[in-house]
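S.K.: okay, predicted coordinates and the sequence, questions at the end:
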Amino acid sequence: MINIILNFVIQFFALKNYEALRVIEGEQSLVKVFLPLAFLLPFFVTMDSVKHVYKEVEKGKLPFEFIKNFKWLRYAFKVSIFNGIFILLVGITCFFLLLISLGYDLFFEKNGVIIFQVSLAGILAIFFTYQPVFLMKKKFYLYKK
């Protein structure tokens, strides 16, 4: 839960200059704000989620077990890289579609950007907290005792 709250707060204070954010150019363009979010947030949230689930299962606090010789760090890194690259590619594609459809000189108002950025960070944090656990269950790395 603290991870989700931190992602909301970090993204809220990430924008220094709220006036007329452009898509590509400028000191704080949307590309400079969103693309690091698109890779780093899924990467670190996924790594953190897998680590916490693994530690809780090992302590016996969760009613699950891992398969024998489960390498949680390798699994976490592989899923984190995939999540980060996937969301980064989706973000780049969205920016190109935005440029093609709306034009290069388009700028956005601060309130819309703040609401969108903070909401996107929260939704991604929630999704990438639970997604690796569901994948572990689906691939039978994690099963009930």
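M.R.: Arrived safely, thanks for sending.

S.K.: quick one, helices of this structure?
M.R.: Applying DSSP state H to the chain gives helices spanning 2-12, 30-59, 72-102, 110-138.

S.K.: to residue 66, which of the ones you listed lies closest?
M.R.: Nearest of the helices of the chain to residue 66, taken as C-beta to C-beta: helix 30-59 at 6.1 Å. C-beta here means a position set from N, CA and C on the backbone, and glycine is covered the same way.

S.K.: ok so, going back, just the helices of the chain: most buried one?
M.R.: Counting by mean count of other C-beta atoms under 10 Å, helix 30-59 has the highest mean neighbour count of these, with a mean of 18.

S.K.: next one: it to chain centre, how far?
M.R.: 6 Å (C-alpha atoms, centre = their mean, to the nearest Å).

S.K.: for it, name the packing helices and strands.
M.R.: Under the contact criterion of 3 or more C-beta pairs under 8 Å, 6 or more residues apart in numbering; DSSP states H and E, helix 30-59 touches helix 2-12, strand 21-22, strand 64-66, helix 72-102, helix 110-138.

S.K.: can you put those in TSV and add distance to residue 56 and mean pLDDT?
M.R.: As requested, these are exported to TSV (distance: least, C-beta to C-beta, whole Å; pLDDT from 0 to 100):
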stretch	distance to residue 56	mean pLDDT
helix 2-12	15	66
strand 21-22	41	66
strand 64-66	9	87
helix 72-102	12	86
helix 110-138	11	81
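
S.K.: tell me which of the ones you listed sits nearest to residue 29.
M.R.: Taking C-beta to C-beta, strand 21-22 is the member of the helices and strands packed on helix 30-59 nearest to residue 29, at 5.4 Å.

S.K.: good, wrapping up.
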